[in-house]
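> coords please:
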Amino acid sequence: MKHTLLKLTVAIAIFSLICCGHSLRSVQVDKKNDVRAVGETAGAVITPGADQLSLYLPQLKGKKVGIMGNQTSIVGADKRHLVDVLLENKVDLKFAFAPEHGFRGNVERGEKFGNDVDQKTGLPLFTLYGGNKKQDSIVNSIDVMIFDLQDVGARFYTYITSLHRVMELCAKHDKKLIVLDRPNPNGDQVDGPVRHDDKFKSDVSWHKIAMIHGLTIGELAQMINGEKWLENGRQADVKIVKVRNWDHKKMYDLPVIPSPSLPNQLSVRLYLSLCLFEGTDISVGRGTDWPFQVLGYTNPVYGSFTFTPGERHGMSKHVEGKGATNYGIDLRDLDPENQKFTLKYLLDFYQKTPDKSTFFARPEFFDKLAGTDQLRKQIIAGESEVQIRNAWAADLKVYKQMRKKYLLYADFE
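Now for the predicted structure:
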């Protein structure tokens, strides 16, 4: 009886400790000046590079610093902007580069924007979206460049093109680049065609990588250097602050939306499969509260679910099916973790289109998104997803082998 009571007492004590552990969600700064969340198990909390201040603040002391960032450049669970944290730590910030969607994430897709001043901090803002243009002298005026953007793991997401352009400038002017790495929310997969032919090179297909590349920003930076993709084979002096406690097997919910049309984890996961529709007139839900979670067009043949795109923050100029009733499918109840890249939605809508010659409304842009014109031709030819996948399998296998050389985190396989 005493032995039973002892076991019960120990069990209650352990349960109490576990419950207390689960209640800890505060954010604190430790003696090393790192911001970290106290979670369920010591050392298990995923900690992006930006949160690990002790690993990069000393490298900025007494230096003139530039930054490539946006609304995803946050520090800690209270989501303070990295620029604010750097200024508080007396970092001599000279300017910021902004990617597509702008420094505060409020510019529409594809919209060009000029140089500006950040209203909150007074920091001069310059854009690299659309090319390096006349930014050489700006980079030459600093000592260190910081790169901190949240990527989503697709070749057509232009933040990785911004990475390449920053690396080009840093390599050209012999400036150190500190990459504050973040998890890839789609880092559990590598899929799709690999771009080879430079005629398909654009802001949405800059690198010779798989469409679903399976890399973090830091891993891609290593690949760009390692494969000598910079102009004249230059290599940038890159220091990567790795993510703690993350690997390619782990799911990661983004703490801040990466762009106006990716408002939640489901949209981020479905984006891989649905972005190809941007080469068509099919609506992916821009101008609604559910972008990249619904699909439709102004013809009832596409489905019984209806929605009417209008205007939303960051979604007012480029909205397919705007002001009209769109008919299609509702994907909002899908489990984000179970979503992986697939062609089934694209093939289904193509088959339902009465006049298939009108489906690829912007064929050249579709080919740039895909990184090849073969995919479009295969769809027109009526090939199945299995047949299409077989066509890119050999290239994908070669890419996967190359990718392994640059991984910083355990792989999902």
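
> Show me the helices in the stretch 101-250 of the chain, by range?
136-140, 159-172, 217-226 (DSSP state H, counting those that start in this stretch).

> Lowest mean pLDDT across those helices, which one is that?
Among the helices of the stretch 101-250 of the chain, helix 136-140 has the lowest mean pLDDT, at a mean of 85.

> and that helix, what other elements does it pack with?
helix 159-172 (3 or more CB pairs under 8 Å, 6 or more residues apart in numbering; DSSP states H and E). Where C-beta positions appear, they are placed from N, C-alpha and C, glycine not excepted.

> just how off-centre is the helix it packs on within its chain?
Centroid displacement of helix 159-172 relative to its chain, using CA atoms, centre = their mean, to the nearest Å, is 16 Å.

> list the helices and strands that helix packs on?
Using 3+ CB pairs under 8 Å, 6+ apart: helix 159-172 touches strand 64-69, helix 136-140, strand 144-148, strand 176-180, helix 217-226, strand 237-241.

> Touching the helix or strand that the last one is followed by from outside, list them.
Right, strand 237-241. Downstream of strand 237-241, the first helix or strand assigned by DSSP states H and E is helix 265-274. By CB atoms under 8 Å, 6 or more residues apart in numbering, the residues outside helix 265-274 that reach it are 152-154, 157, 185-186, 189, 191, 211-212, 253-254, 258, 261-262, 284, 290-293, 295, 331-332, 334, 336-337, 339-346.

> what does stretch 90-98 give?
Counting by CB under 8 Å, 6+ apart, 57, 60, 62-70, 83, 86-87, 103, 113, 118, 123-129, 135, 138, 141-142, 162, 166 sit against stretch 90-98.

> Return the members of the residues you listed classed as buried.
57, 60, 65-70, 83, 86, 103, 113, 118, 123, 125-129, 135, 138, 142, 162, 166 (16 or more other CB atoms under 10 Å).

> what separates the closest residue to residue 161 other than its chain neighbours from residue 373, distance-wise?
Ranked by CB to CB, 6 or more residues apart in numbering and with sequence neighbours excluded, the top spatial neighbour of residue 161 is residue 206, at 4.3 Å. Residue 206 sits 17 Å away from residue 373, going by CB to CB, to the nearest Å.

> Outline the domain layout of the protein.
Annotated domains of the chain cover 27-241, 265-382 [automatic domain parsing].

> if you average pLDDT over each of the ones you listed, which comes out lowest?
Of all those, mean pLDDT reaches its minimum on domain 27-241 (a mean of 86).

> how much distance is there from it to the middle of the chain?
11 Å.

> Name the residues of stretch 342-350 that are buried.
Buried-residue list, stretch 342-350, by 16+ other CB under 10 Å: 343, 345, 346, 347, 349, 350.

> Need the max-distance pair from the residues you listed.
Maximum pairwise distance in the buried residues of stretch 342-350, criterion CB to CB, is 10.7 Å, between 343 and 349.

> could I get the helices and strands packed on helix 159-172 as JSON lines with distance to residue 323?
Below are those laid out as JSON lines (distance: least, CB to CB, whole Å):
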{"stretch": "strand 64-69", "distance to residue 323": "35"}
{"stretch": "helix 136-140", "distance to residue 323": "42"}
{"stretch": "strand 144-148", "distance to residue 323": "38"}
{"stretch": "strand 176-180", "distance to residue 323": "41"}
{"stretch": "helix 217-226", "distance to residue 323": "38"}
{"stretch": "strand 237-241", "distance to residue 323": "46"}
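
> so which of those gets nearest residue 378?
helix 217-226 (27.5 Å).

> Just the buried positions in the closest one, please.
217, 218, 219, 220, 221, 222, 223, 224, 225.

> Identify the residues contacting that helix?
Applying CB under 8 Å, 6+ apart, the contact partners of helix 217-226 are 49, 147, 149, 151, 159-160, 163-164, 167, 177, 179, 181-182, 207, 209, 213, 215, 229-230, 235-236, 238, 240-242, 402-403, 405-409.

> that older thread, between the buried residues of stretch 342-350, which is closest to residue 303?
residue 349 (9.3 Å).

> residue contacts, that closest one?
Applying CB under 8 Å, 6+ apart to residue 349 gives the contacts 277, 280, 282, 295, 297, 302, 328, 359.

> Which of the residues you listed fall within strands?
Residues of the contacts of residue 349 located in strands (DSSP state E): 295, 297, 328.

> Good, we can wrap up now.
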